[in-house]
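With the sequence up front, the predicted model follows.
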Amino acid sequence: MPGGRLTQQERRQIALGLADGLAYAEIARSLDRPTSTITREVMRNGGPSGYKADIAQLGTEHRAKRRKATPRQAVPRADGRDPEAMREYEESFVAILEQSGLPKMTARMLTVLYTSDTGSATAAEFVARLQVSPATVSKAMATLEGLGLIRRERDEGRRERYVVDDDVWYQSMIAGARANAQFAETARQGVAVLGAGTPAATRLENIARFMDFVSENIFRSAEQARDILKS
């Protein structure tokens, strides 16, 4: 598998792949590159709808010149991990979370939680690490809490901490399944209002049946996966 920076020709192939509606994994296979490389490249340069090969190439050249002019000294990490490798990995993780629909700063904060050994952080720690305002932290945490991806707790100093649990994805999947079930119930209520047998009512009934099926399978699969992984 080739390493190093993407070439201009590879960036043009990425642009063509996006225009054809190909998934990042398909584009990556055609270039013999990791999917994370393609994801990071696209999200860093305008996203799937705004990616331009030539602009991405110019941006990369500009960043390279800037790094050469002012070389960055890697700050040793307290955990002993390679700072550069961690930075690259965190960027990849942020790009994946952005692709799933999270705002960039919210994705960065969730990445901090996922990749820390404690799985938790205070608002002050987020402010210091990411150079953001307390209001930005509060807004991002409210979003993540609403999605069921984090919880809040008080530490010994009575400070509020934001925490991700080991079964965070189980909780998120269950929350999603419940939302689907509520959607199905709402769609089914419309059948009586619109009149059974009408095209609109039939459409809503089909939506409700689909959502019921999906929700039931998510509930079952999430429970089975949690039991297997914890056994």
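Great, that's in hand. Residues are numbered from 1 along each chain as shown.

Please list all residues in contact with Glu91.
Shown in contact with Glu91 (Cβ atoms under 8 Å, 6 or more residues apart in numbering): Arg40, Arg44. (C-beta placed from N, C-alpha, C; glycine too.)

can you pull the alpha-carbon coordinates of stretch 46-57 into PDB?
The C-alpha atoms that make up stretch 46-57 are tabulated as PDB, following Å, rounded to 0.1, in the frame of the first residue of the first chain:
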ATOM      1  CA  GLY A  46     -14.800  21.200   1.500                       C
ATOM      2  CA  GLY A  47     -16.600  17.900   2.100                       C
ATOM      3  CA  PRO A  48     -18.100  15.500  -0.500                       C
ATOM      4  CA  SER A  49     -20.100  18.300  -2.100                       C
ATOM      5  CA  GLY A  50     -17.400  21.000  -2.200                       C
ATOM      6  CA  TYR A  51     -14.200  19.000  -2.800                       C
ATOM      7  CA  LYS A  52     -12.100  20.400  -5.700                       C
ATOM      8  CA  ALA A  53      -8.900  18.500  -6.600                       C
ATOM      9  CA  ASP A  54      -6.900  21.600  -7.600                       C
ATOM     10  CA  ILE A  55      -7.900  23.600  -4.600                       C
ATOM     11  CA  ALA A  56      -7.100  20.700  -2.300                       C
ATOM     12  CA  GLN A  57      -3.600  20.400  -3.900                       C
END
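
roughly how far is that stretch from the heart of the chain?
Computed by Cα atoms, centre = their mean, to the nearest Å, the separation of stretch 46-57 from the middle of its chain amounts to 20 Å.

In this protein, which residue is most central in space?
The centre of the chain sits closest to Leu97, judged by Cα atoms, centre = their mean, with a distance of 1.2 Å.

Can you say which helix or strand has it in it?
Element membership of Leu97 [criterion: DSSP states H and E] is helix 83-99.

hang on, the earlier thing: do you know the pLDDT at the closest residue to the residue nearest to the centre of the chain other than its chain neighbours?
Of all residues not flanking Leu97 in the chain, Ala107 sits nearest, at 3.7 Å (Cβ to Cβ, 6 or more residues apart in numbering). Ala107 carries a pLDDT score of 91 in this model.

Report the angle between the helix or strand where Ala107 lies and helix 83-99.
Using DSSP H and E, Ala107 falls within helix 104-115. When axes from the mean of the first three to the mean of the last three Cα atoms, to 10 degrees is applied, the directions of helix 104-115 and helix 83-99 differ by 120 degrees.

For helix 104-115, list every residue counted as buried.
Using 16 or more other Cβ atoms under 10 Å as the test for burial, helix 104-115 gives Met105, Thr106, Ala107, Arg108, Met109, Leu110, Thr111, Val112, Leu113.

part of a strand, is Tyr162?
Yes: per DSSP: H, G, I helix; E, B strand; the rest coil, Tyr162 lies within a strand segment.

Surely it touches Val112?
No: the pair Tyr162 / Val112 is not scored as a contact, 9.4 Å apart, by Cβ atoms under 8 Å.
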